[in-house]
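Peer 1: Curious how this folds, go ahead:
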Amino acid sequence: MHRTALMTAICVLALAACSPASPPASTEAPVTTESAAAPGAVADGLEAGARVASPFVVEGTAPGDWYFEAQFAAKLVGADGAVIAEAPARAQSDWMTEAPVRYRAEFTFNVTQDTPANLVLQEDMPADNAAPREVTIPVVLVPR
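Peer 2: Here you go, the predicted model:
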């Protein structure tokens, strides 16, 4: 029995010596293709840091699979994480497609001073219980 174990160990070592070496571990960050394969929502003409007043209307396009019952979630979130305003981003045409679909959302809010916030556009009903895809655009809410 001892001899069989020794022969098995020799065979395993011989096979390991003949196997190709593993490639070196990469130190680069992994590349994700989600944005190329499944682009997110786009807000027309809204630049990062834009100053917006109430009522604030955002329009753009989002892939058809972002919508559920012709809408997806849109919200303005303050620097502290609190939701300042929410509005459904509603499809402006047939949303039962994989192609980009126009949307529109209108927010009303009340601030007394310039308030940094983020516009967050978030897909509704992600597949297979995955985390929802979202797009975040920093804005500054200004008093009216």
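
Peer 1: just the helices in the protein please.
Peer 2: 2-18, 34-37 (DSSP state H).

Peer 1: ok, Ser93 touching Arg102?
Peer 2: Yes. Here Ser93 reaches Arg102: they are 6.0 Å apart, a contact under CB atoms under 8 Å. Any C-beta I mention is one placed from the backbone N, CA and C, and that applies to glycine too.

Peer 1: who has more neighbours, the two?
Peer 2: For Ser93 versus Arg102, neighbours defined as other CB atoms under 10 Å are more numerous around Arg102 (14 against 10).

Peer 1: any low-confidence regions in the chain?
Peer 2: Along the chain, the parts satisfying pLDDT under 70 run over 1-38.

Peer 1: Nearest residue to Ala41 in space, please, no chain neighbours.
Peer 2: Closest residue in space to Ala41, ignoring its immediate chain neighbours: Ala62 at 3.8 Å, by CB to CB, 6 or more residues apart in numbering.

Peer 1: separation between the one you found and Gly40?
Peer 2: Distance of Ala62 to Gly40, given as CB to CB, to the nearest Å: 7 Å.

Peer 1: Now do the shared contacts for these two.
Peer 2: Counting by CB atoms under 8 Å, 6 or more residues apart in numbering, the contacts common to Ala62 and Gly40 are Leu121, Glu123.
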